[in-house]
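S.K.: Structure for the following, please:
(chains A, B, C, D, E and F)
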Number of protein chains: 4
Amino acid sequence: MGRRSLKAERRDDLIRACIETLAAEGWEGASLARIAGRAGLSAGLVAHYFGDKAELMEATMRHVCFQLWQRQAKLLAAAASPAERLGAIVAANLGGDQFGEESRAVWLEFWSQAHRAPRLARIHRITARRLASNLHHALNGLLPEALPDRAAAVRRIATGLAILIDGLWLRAALGDVSPTETRALALGYVDAELARLGTR
Amino acid sequence: MGRRSLKAERRDDLIRACIETLAAEGWEGASLARIAGRAGLSAGLVAHYFGDKAELMEATMRHVCFQLWQRQAKLLAAAASPAERLGAIVAANLGGDQFGEESRAVWLEFWSQAHRAPRLARIHRITARRLASNLHHALNGLLPEALPDRAAAVRRIATGLAILIDGLWLRAALGDVSPTETRALALGYVDAELARLGTR
Amino acid sequence: MGRRSLKAERRDDLIRACIETLAAEGWEGASLARIAGRAGLSAGLVAHYFGDKAELMEATMRHVCFQLWQRQAKLLAAAASPAERLGAIVAANLGGDQFGEESRAVWLEFWSQAHRAPRLARIHRITARRLASNLHHALNGLLPEALPDRAAAVRRIATGLAILIDGLWLRAALGDVSPTETRALALGYVDAELARLGTR
Amino acid sequence: MGRRSLKAERRDDLIRACIETLAAEGWEGASLARIAGRAGLSAGLVAHYFGDKAELMEATMRHVCFQLWQRQAKLLAAAASPAERLGAIVAANLGGDQFGEESRAVWLEFWSQAHRAPRLARIHRITARRLASNLHHALNGLLPEALPDRAAAVRRIATGLAILIDGLWLRAALGDVSPTETRALALGYVDAELARLGTR
DNA sequence: TATGAATGAGGATTCATTCAT
DNA sequence: AATGAATGAATCCTCATTCAT
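M.R.: Sure, this is the predicted structure:
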């Protein structure tokens, strides 16, 4: 009991190695030999556990998305107010820790593949929707009840913020902005929108 | 006269084919054979005209950036007020025409390579700086003279808008938002920031 | 026991095929496809076993040199006197058997590469030094004890003989001299030098 | 008048460039593009003037051999005695000047091709025979008239010396011996042989 | 379960050669 | 006479995949 199956363990090893390789060498540098080598395994094993390179990549992307979601969930659980909830989401997506950086690098690689690989695109879409939903929820609590066209405003701000976060990820991956700046910019965007709605 | 050199013409053919291939098949699918094939030429010619695949890619990226810049310049020339200038920049970057879509696809491919290929990164940086400068200029005319901390506000909004545009490009490439929406979102962001500054 | 590892076996197969190909088709004709084909294997396997064409070539050169050294060692072991030792070295280097001819052909190919490929040059140097050392030793026993400037004489004759052997290899490879002649010429050189030293 | 034909001039330019390229980059590095480039001409011209790369190489080898022969002839013309004649031949073949070094490098490249290219082999053979004949002649004057088996001795020493010179060329090309040493070794060989014949 | 042997396809690059201008 | 455009073959290398052990 408590002993995870060897199969699950090996799969995790390979996914872990895949993440590291993607972060370190990019999509093109992530050959099966290099990924397996990083895990101390032989390249042939990938076929055994995943059948396919594509499936390993898919599993890896799912893993990264899951981690991101977990992170959001954890931070959200500790948030007491709508404003804190919003801050939690932003922090989860734009945090400056090592994990965040690696995830972002991997994410960027997946991104460039997503619009050509339907399976990856699907995972991408799910994650994006999850973020949108979280933002929606937080903003819904944040905007004044009496606002005319309230639902539309929530939707608009949620969309805008999600897109801004995408842009910030890109910039962060290119090293153009610091993590602190990114968070400030994201929250500043919401402030501005609130101001426009006359709620401040 | 009017007869461009054969060399320039062939180079343009190849760059054109490279753009099409990148848009249609992505970075990984853009082999020299396919690029040259699309231009109706043999793969060996790339060496003849560009020396290198890397140099062809570089020239192609430069071409795309140049087109984008031209587009901006043309629209800006027709703009009469600061507000129109801002609209022109947004339209140039987020326009919905066929050219825009292809360019965006190519741009996305380059993006995913930029942080690993110094030469591409350089071109990328230059283009980003050009956009930033244009935004700066337009916003400088737009914000009220008497604003406290005016320079900082201009800088902040310019940065935020540039990043938002990046995000919008991504979404547009993934087909998540329509061109009309993207422009509305971008201009909405500026409106919101102006509102926050109490200028409305 | 007696079962060598498959890896070692395949490596030997490829080295063997490389030697044959070099002898038959020369350095320029020795493409990976042809080498592997001669071994009944696919070209990709070279990467698997040697990583590189350069490394295969290096291993092959080392192999040829090792065989030559073994040959010398074997003949030297059977030699009873300094004169016989000298004869053994000459026979080892200028023997007329099939092995000798193939080795010489390969050696010539390597030679033409040695002054441009540092790795090959190193192996070449080591082998040359080994020959020089053997000659030194044999001549040291051969020259009369009381000779004035004895050490210098040994050195000079050893050098001269080594160089003569080089020349003889070349001629033999071009088919200009018969193996029997080559040996006679080499030993004749030593005789002449001994005569000059007044020891006969 | 006195004006050599343009055709001859261009051919010489290309041969000159070919020699330089061979010396600088070796047989494998001597592509038509590089050779023509060094001459400031286009690669296509080679076809025009020589028809073939092989023919350019052949002409180049002939040129190098001719220069070598000229050199020998010039030095021989100034030699008054058989001993001086011998010294002249050795000096011509093992001289340490820049021309000598370049020629030797080119010669070595040709050598490695000679036993596979019949046309080059033929030129090689002619040159070797010319050297042999010169040596023959000089030694014929040098050996005492009354020597028993005189003709055989001349033949033997001439052959041995020619072969030693080959070896010395190789060593010189590899940088193992200095030009001065090479000449000393060559003349020392003759001295030794003369000593053996009891003529000293 | 895991290895590593083996393949074959595909990619970039180099190059001699041909040919229109 | 000379260029340089264009080709197509050849070469090395990388890689995903398959398979026997």
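
S.K.: Against DNA strand F, how distant is the residue of chain A positioned farthest from its centre?
M.R.: Here chain A reaches farthest from its C-alpha mean at A:Ala146, the gap being 33.2 Å by C-alpha atoms, centre = their mean. Between A:Ala146 and DNA strand F the computed distance is 57 Å (C-beta to the nearest atom of the strand, to the nearest Å). (C-beta placed from N, C-alpha, C; glycine too.)

S.K.: now that residue: how far from A:Ala138?
M.R.: According to C-beta to C-beta, to the nearest Å, A:Ala146 and A:Ala138 sit 19 Å apart.

S.K.: Contact residues of chain A facing chain B?
M.R.: Counting by C-beta under 8 Å from any C-beta of the partner chain, chain A comes close to chain B at A:26-28, A:108-109, A:111-116, A:121, A:124, A:128, A:156, A:159-160, A:163-168, A:170-171, A:173-177, A:185, A:188-189, A:191-193, A:195-196, A:200.

S.K.: List the ones among the residues you listed that fall in helices.
M.R.: In this view, those that belong to helices under DSSP state H are A:26-28, A:108-109, A:111-114, A:121, A:124, A:128, A:156, A:159-160, A:163-168, A:170-171, A:173-174, A:185, A:188-189, A:191-193, A:195-196.

S.K.: now these: which count as buried?
M.R.: A:26-27, A:108-109, A:111-114, A:121, A:124, A:128, A:156, A:159-160, A:163-168, A:170-171, A:173-174, A:185, A:188-189, A:192-193, A:195-196 (16 or more other C-beta atoms under 10 Å in any protein chain shown).

S.K.: Who are the contact partners of the residue lying closest to A:Ile163 once chain neighbours are set aside?
M.R.: Distance criterion C-beta to C-beta, 6 or more residues apart in numbering or on different chains; nearest residue to A:Ile163, sequence neighbours excluded, is B:Gly167 at 3.9 Å. Contacts here follow C-beta atoms under 8 Å, 6 or more residues apart in numbering or on different chains; on that basis B:Gly167 touches A:Ile163, A:Leu164, A:Ile165, A:Asp166, A:Gly167, A:Leu168, A:Leu170.

S.K.: from those, which is closest to chain D?
M.R.: A:Leu170 (42.3 Å; C-beta to the nearest C-beta).

S.K.: unless I'm mixing things up, that closest one is touching B:Leu164, no?
M.R.: No: contact criterion C-beta atoms under 8 Å: A:Leu170 and B:Leu164 do not qualify, at 11.1 Å.

S.K.: Check whether the strand or helix carrying A:His137 comes near DNA strand F.
M.R.: A:His137 is located in helix A:118-142, with elements delineated by DSSP states H and E. No: using C-beta under 7 Å from any atom of the strand, helix A:118-142 never reaches DNA strand F; the gap is at least 13.2 Å.

S.K.: Report all helices and strands that that helix contacts.
M.R.: In terms of contacts (3 or more C-beta pairs under 8 Å, 6 or more residues apart in numbering or on different chains; DSSP states H and E), helix A:118-142 is packed against helix A:53-77, helix A:82-94, helix A:98-114, helix A:150-174, helix A:179-196.

S.K.: for the second one, which positions count as buried?
M.R.: Same thing as helix A:82-94. Under the neighbour-count criterion of 16+ other C-beta under 10 Å, helix A:82-94 has A:Arg85, A:Leu86, A:Gly87, A:Ala88, A:Ile89, A:Val90, A:Ala91, A:Ala92, A:Asn93, A:Leu94 buried.

S.K.: For the first one, give me its contacts.
M.R.: Read that as A:Arg85. Counting by C-beta under 8 Å, 6+ apart, A:Arg85 has contacts A:Leu76, A:Ala79, A:His137, A:Ala138, A:Gly141.

S.K.: May I see these organised as TSV, with pLDDT and neighbour count added?
M.R.: TSV is the format used below for the contacts of A:Arg85 (pLDDT from 0 to 100; neighbours: other C-beta atoms under 10 Å in any protein chain shown):
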residue	pLDDT	neighbour count
A:Leu76	96	18
A:Ala79	96	16
A:His137	95	17
A:Ala138	96	26
A:Gly141	94	12
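
S.K.: starting at the chain centroid, how far to stretch A:86-94?
M.R.: In this view, stretch A:86-94 has its centroid 11 Å away from the chain centroid, taken as C-alpha atoms, centre = their mean, to the nearest Å.

S.K.: swap in stretch A:113-125?
M.R.: 14 Å.

S.K.: average model confidence for that stretch?
M.R.: Averaged across stretch A:113-125, pLDDT comes to 91.

S.K.: and for that stretch, what are the contacting residues?
M.R.: A:27, A:54, A:57-58, A:61-62, A:65, A:110-111, B:26, B:108, B:173-175.

S.K.: Try it again at 6 Å.
M.R.: Identification of contacts with stretch A:113-125 by C-beta atoms under 6 Å, 6 or more residues apart in numbering or on different chains yields A:Glu58, A:Met61, A:Arg62, A:Cys65, A:Phe110, B:Gly26, B:Leu174.

S.K.: With distance to A:Ile15 and pLDDT as extra columns, can I get those in TSV?
M.R.: Below are these laid out as TSV (distance: C-beta to C-beta, whole Å; pLDDT from 0 to 100):
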residue	distance to A:Ile15	pLDDT
A:Glu58	10	97
A:Met61	10	96
A:Arg62	9	96
A:Cys65	12	93
A:Phe110	13	92
B:Gly26	24	93
B:Leu174	24	81
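
S.K.: Show me which of those are buried.
M.R.: Neighbour-count burial (16+ other C-beta under 10 Å) is assigned, among those, to A:Glu58, A:Met61, A:Arg62, A:Cys65, A:Phe110, B:Gly26, B:Leu174.

S.K.: what about the last one, distance to D:Glu20?
M.R.: Between B:Leu174 and D:Glu20 the computed distance is 57 Å (C-beta to C-beta).

S.K.: what does A:Arg183 give?
M.R.: 63 Å.

S.K.: Equivalent analysis for A:Met57, please.
M.R.: The value you get for A:Met57 to D:Glu20, if C-beta to C-beta is used, is 52 Å.

S.K.: now A:Leu108
M.R.: 50 Å.
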